[in-house]
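Participant: What follows is a predicted structure for the sequence shown.
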Amino acid sequence: MTSKVVVTGIGAVTPIGATADATWQAALSGTSGAHTLDNDWSEKYDIPVDFAATVDPSVVEENLKRVEAKRLDPSSRFALISAREAWQDAGAPEVEPERLAVSWATGIGGVWTLLEAWDTLREEGSRRVMPLTVPMLMPNGPGAAVGMELQARAAVHTVVSACASSTESLGLAFDTLRSGRADVVVAGGSESAVHPITLAAFSSMRALSRRTDSPETASRPYDIGRDGFVMGEGAGALVLELEEHAKARGAKIYAEIAGWGVSNDAYHITAGEPEGKGSAAAMRRALESAGLQPADVRHINAHATSTPVGDVPESTAINKLLGSHTQDAAVSATKSMMGHLLGGAGAVEAVLTVLAVLNRTAPPTINIEEVDPQIELNIVRDTPADLPQGDIAALTNSFGFGGHNVVAAIKSV
């Protein structure tokens, strides 16, 4: 079966918006979600970073019943809220449960549940540990919550490939539909890992920005003064289905997921291959899978974390891939606003890429004062950029610890 895979619903919960549309509008406005955390972690644990980009707590309070929230790790809460939004946005498709699948992702999983349970065990004893601790901390917990909510019986997959996780979940959903194993797949990813242990660990790696005096400007991809990423949290969800299935039920269609590519650097557990060979391979395979040429790519939502060593290889890879067409592709680095959502990043960035293609508008990259001279890209800075009319294509890139490189190709319809 070679039918097109299309997007018919989107949802998102991010540090800059409680819904997909709110996130999109905030991204167009160049809104930063980073802020100083309202806790004593930095002082108590001697952590040099005291800021992150977090979701407004009212989002959970307003969208989940108290009993629901209590039984879900924060990563699962975000998953369920974003998936519900996407499902309703798609018109709540009438599909047989045996033909409905979920492809979800996380990079870390239920870290809050695990560590709070450990604290409870040490301080109050084993009888006070919640009976649901194990299902709440499992990495497949968010996907399972979405699957049970929608009664998805074709399959519920969980992808864990660090910060490439949810783009890979999108690719798995694509393959599931094209293979005929399902008619509709809800794909996405979620993460809630803004915790003192992760802040301390990433700080020890020198991976986090230390601009404690100005959190909102700390994430600055491509800037010569970038000093690390900003931790973020949230979720993104997309309802995917075959084009004929979507048209038969009269669904609105946002865009086409035209193909995807995957590779691995096999170089270092945390550092990407310095010449961008693996990321270039993933981008090339995504184009080949989609039947696209470099000249077709008019927009890229880059991985662009704002780390000194990470941004340059991706820029090198884009130049290798697009060659003389590099300056035709408007590059957005939306982590500059939302921070890095780790395993949830790819799904939210896919939602933004779908909206960019639909609206012919590339969101800006904020906080760039001086572009690193090693980076030669057509970066969208400060304000949105218009994309061409007619048929266009975009790439959304995700790279993760372990050498994972995953790229999705998205086309206009």
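Facilitator: Yep, that arrived. Residues are numbered from 1 along each chain as shown.

Participant: leaving aside the residues next to it on the chain, what's closest to residue 60?
Facilitator: residue 77 (5.3 Å; CB to CB, 6 or more residues apart in numbering). Every C-beta, even on glycine, is put in place using the N, C-alpha and C of the backbone.

Participant: how far does the helix or strand in which the one you found is found sit from the chain's center?
Facilitator: Using DSSP states H and E, residue 77 sits in helix 74-89. From the chain centre to the centre of helix 74-89 is a distance of 14 Å (CA atoms, centre = their mean, to the nearest Å).

Participant: Check which helices and strands whichever helix or strand comes after that helix sits against.
Facilitator: As assigned by DSSP H and E, the chain's next helix or strand after helix 74-89 is strand 100-105. With contacts taken as 3 or more CB pairs under 8 Å, 6 or more residues apart in numbering; DSSP states H and E, strand 100-105 sits against helix 141-150, strand 155-159, helix 165-178, strand 184-191.

Participant: tell me which residues of the third one are tucked away?
Facilitator: Yep, that's helix 165-178 we're talking about. By 16 or more other CB atoms under 10 Å, the buried positions in helix 165-178 come out as 165-174, 176-178.

Participant: Test my guess that residue 15 contacts residue 27.
Facilitator: No. Counting by CB atoms under 8 Å, residue 15 stays clear of residue 27, with 11.0 Å between them.

Participant: Give the residues shared as contacts by these two.
Facilitator: By CB atoms under 8 Å, 6 or more residues apart in numbering, residue 15 and residue 27 have these common neighbours: residue 338.

Participant: is it true that residue 37 touches residue 52?
Facilitator: Yes. Residue 37 lies in contact with residue 52 (CB under 8 Å); the separation is 6.0 Å.

Participant: Settle this for me: residue 219 is touching residue 33, isn't it.
Facilitator: No. Taking contacts as CB under 8 Å, residue 219 lies outside contact range of residue 33: 9.4 Å.

Participant: Now for these two: what residues contact both?
Facilitator: 53, 337, 339.

Participant: For residue 237, give me its contacts.
Facilitator: Counting by CB under 8 Å, 6+ apart, residue 237 has contacts 9-12, 79, 82-83, 85-87, 146, 186-188, 347, 351.

Participant: Now render the helices and strands packed on strand 100-105 as JSON lines, adding distance to residue 58.
Facilitator: Formatted as JSON lines, the helices and strands packed on strand 100-105 follow (distance: least, CB to CB, whole Å):
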{"stretch": "helix 141-150", "distance to residue 58": "20"}
{"stretch": "strand 155-159", "distance to residue 58": "28"}
{"stretch": "helix 165-178", "distance to residue 58": "24"}
{"stretch": "strand 184-191", "distance to residue 58": "18"}
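
Participant: which stretch among those comes nearest residue 332?
Facilitator: The minimum distance between residue 332 and the helices and strands packed on strand 100-105 falls on helix 165-178, with 15.3 Å, by CB to CB.

Participant: Could you list the alpha-carbon positions for that closest one in PDB?
Facilitator: This file holds the C-alpha atoms of helix 165-178, laid out as PDB (Å, rounded to 0.1, in the frame of the first residue of the first chain):
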ATOM      1  CA  SER A 165      12.300   9.600  20.600                       C
ATOM      2  CA  SER A 166       9.100  11.300  19.400                       C
ATOM      3  CA  THR A 167      10.200  11.900  15.900                       C
ATOM      4  CA  GLU A 168      11.000   8.200  15.700                       C
ATOM      5  CA  SER A 169       7.400   7.600  17.100                       C
ATOM      6  CA  LEU A 170       6.200   9.600  14.100                       C
ATOM      7  CA  GLY A 171       8.200   7.400  11.800                       C
ATOM      8  CA  LEU A 172       6.900   4.300  13.400                       C
ATOM      9  CA  ALA A 173       3.300   5.600  13.000                       C
ATOM     10  CA  PHE A 174       4.000   6.300   9.300                       C
ATOM     11  CA  ASP A 175       5.200   2.700   8.800                       C
ATOM     12  CA  THR A 176       2.300   1.300  10.700                       C
ATOM     13  CA  LEU A 177      -0.200   3.000   8.400                       C
ATOM     14  CA  ARG A 178       1.700   2.300   5.200                       C
END
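
Participant: okay, the angle between it and strand 100-105?
Facilitator: 160 degrees (axes from the mean of the first three to the mean of the last three CA atoms, to 10 degrees).

Participant: what helix or strand is the residue nearest the centre of the chain on?
Facilitator: The centroid of the chain falls nearest to residue 345 when counting by CA atoms, centre = their mean (2.0 Å). If you go by DSSP H and E, residue 345 is part of helix 345-359.

Participant: Which residue ranges of the stretch 251-400 of the chain form strands?
Facilitator: For the stretch 251-400 of the chain, applying DSSP state E, counting those that start in this stretch gives strands covering 255-264, 297-301, 330-332, 361-362, 378-379, 385-386, 393-400.

Participant: Mind putting those strands into CSV with distance to residue 73?
Facilitator: Shown next, in CSV, are the strands of the stretch 251-400 of the chain (distance: least, CB to CB, whole Å):
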stretch, distance to residue 73
strand 255-264, 27
strand 297-301, 27
strand 330-332, 30
strand 361-362, 34
strand 378-379, 36
strand 385-386, 38
strand 393-400, 20
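
Participant: would JSON lines of those with mean pLDDT, distance to residue 324 and mean neighbour count be doable?
Facilitator: Output for those, formatted as JSON lines (pLDDT from 0 to 100; distance: least, CB to CB, whole Å; neighbours: other CB atoms under 10 Å):
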{"stretch": "strand 255-264", "mean pLDDT": "98", "distance to residue 324": "21", "mean neighbour count": "23"}
{"stretch": "strand 297-301", "mean pLDDT": "98", "distance to residue 324": "12", "mean neighbour count": "27"}
{"stretch": "strand 330-332", "mean pLDDT": "98", "distance to residue 324": "16", "mean neighbour count": "27"}
{"stretch": "strand 361-362", "mean pLDDT": "98", "distance to residue 324": "20", "mean neighbour count": "24"}
{"stretch": "strand 378-379", "mean pLDDT": "98", "distance to residue 324": "13", "mean neighbour count": "20"}
{"stretch": "strand 385-386", "mean pLDDT": "98", "distance to residue 324": "20", "mean neighbour count": "15"}
{"stretch": "strand 393-400", "mean pLDDT": "98", "distance to residue 324": "17", "mean neighbour count": "28"}
